[in-house]
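Chemist: take this sequence and fold it.
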Amino acid sequence: MSSGTYPTRRWPATIMHAPVARAENVEACNQGASRAHRISMKVLLIAHSSGLAGGGAERSLLGIASYLNKQPSVAVLVVLPAVGSLNDELAKRDIGTAVLSYTRGVASHRKQSLHRNISGLETFRRFVTEHSPDVILTNTAVIPWFAYVAHRLGIPHGWFLREDPFSDAAPDLYPKPEEALAAIRDFSDRIFVNSHFMKQKYMSLLRREDIEVVYPSFDTSILDHAENSSHVPRNNKTFRLLVAGRISPVKNQLEVLEAINLLRQTQDNFVLTVVGWLQRGFEEYYDAFVNFIRTNGLEHFVQVVDYQEDFHKLLSQHDISIVPSVEGFGRVTVEAMLLKKAVVAANVGGNHEILGDAPGAGLLYPPGRPDVLAEHLKLLIEEPSRIERMGQKAHTYACRRFLGEDHLAKLYASLETLSTSPKQPHDDWIIRLAEETNLSLMRRARRLQAQLDATYTSMSWRLTAPLRRISRSLFERRKEPSGPGP
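Modeler: Numbering: from 1, shown residues only. Sure, this is the predicted structure:
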């Protein structure tokens with residue numbers, strides 16, 4: 001575990017918790033504390049992955065952390081499950097980070113991973129107690145662990161829901177969607193979503209009205225690529241199409257391949273770039289994706305590349321962006337619009353919310369109709385000037401509606417209100433969870449000891465004495481009276 005600190009210029013006292021803290025650093029920070037703005041809110045942000053390749057949630061978290069870090073009265077610390085490119089980008093922006101061991105979700109048959117998350121609750125509790133945030137904001141629907149800790153310690157907790165727990169979950173995953181929804185309902189003091197589409201969905205699932213829409217933020221640096229994109233050299237005989245996202249049913253890349261297979265019957269002057277990666281749990285879908293390309297001889301029309309750190313540069317080099325998935329918001333849709341690209345998207349979810357009010361800024365097609373998608377692509381390829389006009393309209397509309405920090409200011413105000421809301425600690429749920437976990441371990445140890453009794457010779461029995469001692473210690477620990485809880 002990395003101890004982590006809030007940036008010293010924001011929260012001078014926490015430099016004492018840093019892995020290395022020289023006396024002169026502490027003295028310098030303390031001298032500057034009187035001149036600094038008084039910290040009125042300490043925010044702990046919980047990420048569900050450590051890489052910017054993970055998708056729009058990480059880029060949106062980066063925007064939230066950057067905005068809060070600019071506020072003179074706010075201290076921000078981002079917790080991540082591992083070290084990755086998101087850590088590096090946060091460090092460049094002088095935003096504090098800490099690395100703790102937890103997972104986005106675990107397959108139910110991987111008991112050791114499940115136990116690591118649940119047994120880690122005590123570690124998370126100690127970490128949160130040490131850093132004493134005023135509010136915790138979990139940036140994904142599928143990480144419940146810090147919501148439990150916030151409930152245990154009586155710290156206000158906000159939950160930012162960016163995905164559908166039913167359509168976005170891998171099979172055989174714990175927590176199950178129903179369990180995830182129960183946690184969100186029971187351990188959220190404030191719920192945020194990234195679109196009105198997601199608000200309606202979660203209002204129905206959670207039976208809660210207090211759900212606030214906060215659109216994601218977009219870094220204005222993307223506009224640099226927008227200016228350069230119009231000057232990207234392009235062979236007039238070849239149009240470049242792009243679809244991005246992890247290769248899984250929810251991202252629906254197979255539908256795009258079906259449309260490409262139809263399109264090539266009348267057009268041969270295009271190439272599709274699939275920017276994606278295999279998501280664990282969806283190996284069968286990935287195999288079907290690869291087999292479709294091979295079986296239909298699409299190797300000449302389709303190229304698959306891994307996620308690019310400079311995704312905006314890659315996107316700027318294409319003509320048409322395809323979004324076939326049911327998106328909660330559709331960050332890639334807006335990024336393509338800001339880059340003056342023609343967008344063809346499935347008419348569902350966040351795509352409809354973004355493009356439905358922007359006539360001429362993109363084309364929508366009914367999901368499940370690759371033939372209509374193929375017709376839209378054919379229309380754009382046969383009339384290149386339409387691509388240019390559509391891209392300009394999309395850029396103008398997206399800049400007006402989504403660029404800027406008004407949405408983040410709204411989130412900041414809500415977090416300020418939440419951080420001052422009184423909340424009582426609770427310990428019943430955490431104690432029960434710990435007891436259930438220990439019971440599971442006891443059963444596993446008992447079964448193992450029974451197997452040893454039935455299988456091993458006397459020599460093997462002596463060799464396994466250390467394992468038997470561990471097993472007995474678990475049993476004896478179970479017999480001890482229950483303590484006051486974590």
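Chemist: His395 contacts Leu338, doesn't it?
Modeler: Yes - using C-beta atoms under 8 Å, His395 makes contact with Leu338 at a distance of 6.2 Å. Yep, even glycine has a C-beta here, placed from its N, CA and C like the rest.
Chemist: the more surrounded of these two?
Modeler: Per other C-beta atoms under 10 Å, whichever of His395 and Leu338 has more neighbours is Leu338, with 26 against 22.
Chemist: burial of the residue lying closest to the more buried one once chain neighbours are set aside, as a residue count?
Modeler: Using C-beta to C-beta, 6 or more residues apart in numbering and skipping the chain neighbours, the partner closest in space to Leu338 is Ala398 (4.9 Å). As a burial measure, Ala398 scores 26 neighbours (other C-beta under 10 Å).
Chemist: same question, Arg190
Modeler: With other C-beta under 10 Å as criterion, Arg190 counts 20.
Chemist: can you tell me the closest non-neighbouring residue to it?
Modeler: In space, Arg190 is closest to Gly158, 4.4 Å off (C-beta to C-beta, 6+ apart).
Chemist: now do the strands in the stretch 351-486 of the chain.
Modeler: According to DSSP state E, counting those that start in this stretch, the stretch 351-486 of the chain carries its strands in the segments 363-365.
Chemist: which stretches of it aren't confidently modelled?
Modeler: 427-486 (pLDDT under 70).
Chemist: element containing the nearest residue to Leu206 once chain neighbours are set aside?
Modeler: Spatially, and ignoring its direct neighbours in sequence, Leu206 is nearest to Arg185 (4.9 Å; C-beta to C-beta, 6+ apart). Taking DSSP states H and E as the criterion, Arg185 maps to helix 177-186.
Chemist: just checking: what are the partner strands of the helix or strand that that helix is followed by?
Modeler: Under the assignment DSSP H and E, the closest C-terminal helix or strand after helix 177-186 is strand 190-193. With DSSP bridges as the test, strand 190-193 is paired with strand 157-161 (parallel), strand 211-213 (parallel).
Chemist: check the ones you listed for me and report the most buried one.
Modeler: strand 157-161 (a mean of 26; mean count of other C-beta atoms under 10 Å).
Chemist: and stretch 356-372, what's buried?
Modeler: 358, 361-365, 367, 370, 372 (16 or more other C-beta atoms under 10 Å).
Chemist: determine which two of those residues are furthest apart.
Modeler: Ala358 and Pro370 (23.7 Å; C-beta to C-beta).
Chemist: give me the neighbour count for Ile191.
Modeler: 20.
Chemist: contacts only, for the nearest residue to it once chain neighbours are set aside.
Modeler: Leaving aside its sequence neighbours, Ile191 sits nearest to Ile211 (C-beta to C-beta, 6+ apart; 4.7 Å). Going by C-beta atoms under 8 Å, 6 or more residues apart in numbering, Ile211 touches 191-193, 199, 202-203.
Chemist: equivalent analysis for Leu61, please.
Modeler: 45, 47, 78, 86, 139.
Chemist: now the second one: phi and psi?
Modeler: What that stands for is Ala47. With angles defined as degrees, to the nearest 10, Ala47 shows backbone torsions of phi -100, psi 150.
Chemist: what about the residue most central in space within the chain, which helix or strand?
Modeler: Nearest residue to the geometric centre of the chain (C-alpha atoms, centre = their mean): Ala57, 3.9 Å. Counting by DSSP H and E, the element that carries Ala57 is helix 56-70.
Chemist: that helix: how far from the chain's middle?
Modeler: 12 Å (C-alpha atoms, centre = their mean, to the nearest Å).
Chemist: and for stretch 314-333?
Modeler: 17 Å.
Chemist: between its first and last residues, how far does it reach?
Modeler: 14 Å (C-alpha to C-alpha, to the nearest Å).
Chemist: show the average pLDDT along it.
Modeler: Across stretch 314-333, pLDDT averages out at 91.
Chemist: hmm, back to that, quickly list what's touching both of His395 and Leu338.
Modeler: With C-beta under 8 Å, 6+ apart as the test, His395 and Leu338 both reach Ala226.
Chemist: and this structure, what are its domain boundaries?
Modeler: Here the domain parsing of the chain from automatic domain parsing is 12-217+415-419, 222-403, 428-479.
Chemist: any idea which of those gets closest to Ala409?
Modeler: That would be domain 12-217+415-419 among the domains of the chain, by C-beta to C-beta, at 7.9 Å.
Chemist: how far off centre is that closest one?
Modeler: That offset, for domain 12-217+415-419, works out to 10 Å (C-alpha atoms, centre = their mean).
Chemist: and the residue nearest to the centre of the chain, what does it touch?
Modeler: 47-49, 139-140, 162-163.
Chemist: and Gly56, what does it touch?
Modeler: 162, 216, 329, 331-332.
Chemist: ugh, typo on my part, it should be Ser85
Modeler: Ser85 neighbours (C-beta under 8 Å, 6+ apart): 50-53, 309.
Chemist: mind checking which of the residues you listed are in helices?
Modeler: With DSSP state H as the criterion, helices contain none of the contacts of Ser85.
Chemist: follow-up on the earlier one: so the residue nearest to the centre of the chain versus Leu86, what's the distance?
Modeler: Distance, Ala57 to Leu86, using C-beta to C-beta, to the nearest Å: 10 Å.
Chemist: also Leu373?
Modeler: Distance from Leu373 to Leu86, by C-beta to C-beta: 33 Å.
Chemist: and for Gln424?
Modeler: 34 Å.
Chemist: more neighbours: these two, which one.
Modeler: Leu86 (24 against 6).
Chemist: mind listing what's buried along the helix or strand in which the more buried one is found?
Modeler: Element membership of Leu86 [criterion: DSSP H and E] is helix 85-92. Neighbour-count burial for helix 85-92 flags 85-87, 89-90 (criterion: 16+ other C-beta under 10 Å).
Chemist: which residues are contacting stretch 303-317?
Modeler: For stretch 303-317, using C-beta under 8 Å, 6+ apart, the contacting residues are 52-53, 85, 221-222, 225-226, 228-229, 232, 240, 242, 244, 271-277, 321, 332, 335-336, 339, 341.
Chemist: got a PyMOL select line for the buried ones in those residues?
Modeler: To isolate the buried members of those in PyMOL, using 16+ other C-beta under 10 Å:
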select buried, resi 52+53+85+222+225+226+229+240+242+244+272+273+274+275+276+321+332+335+336+339+341
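Chemist: cross the contacts of stretch 303-317 against strands and list the overlap.
Modeler: Within these, residues falling in strands by DSSP state E are 240, 242, 244, 271-275, 321.
Chemist: farthest pair in those?
Modeler: Among these, Ala244 and Val271 lie farthest apart (C-beta to C-beta), at 15.0 Å.
Chemist: quick one on the thing from earlier: as TSV, the strands paired with strand 190-193 with distance to Ser248 and mean pLDDT would be great.
Modeler: TSV is the format used below for the strands paired with strand 190-193 (distance: least, C-beta to C-beta, whole Å; pLDDT from 0 to 100):
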stretch	distance to Ser248	mean pLDDT
strand 157-161	19	94
strand 211-213	26	94
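Chemist: include distance to Gly404 when you put the ones you listed into CSV, please.
Modeler: Shown next, in CSV, are the strands paired with strand 190-193 (distance: least, C-beta to C-beta, whole Å):
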stretch, distance to Gly404
strand 157-161, 19
strand 211-213, 16
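Chemist: could you say which one of those strands comes nearest to Ala259?
Modeler: strand 157-161 (30.5 Å).
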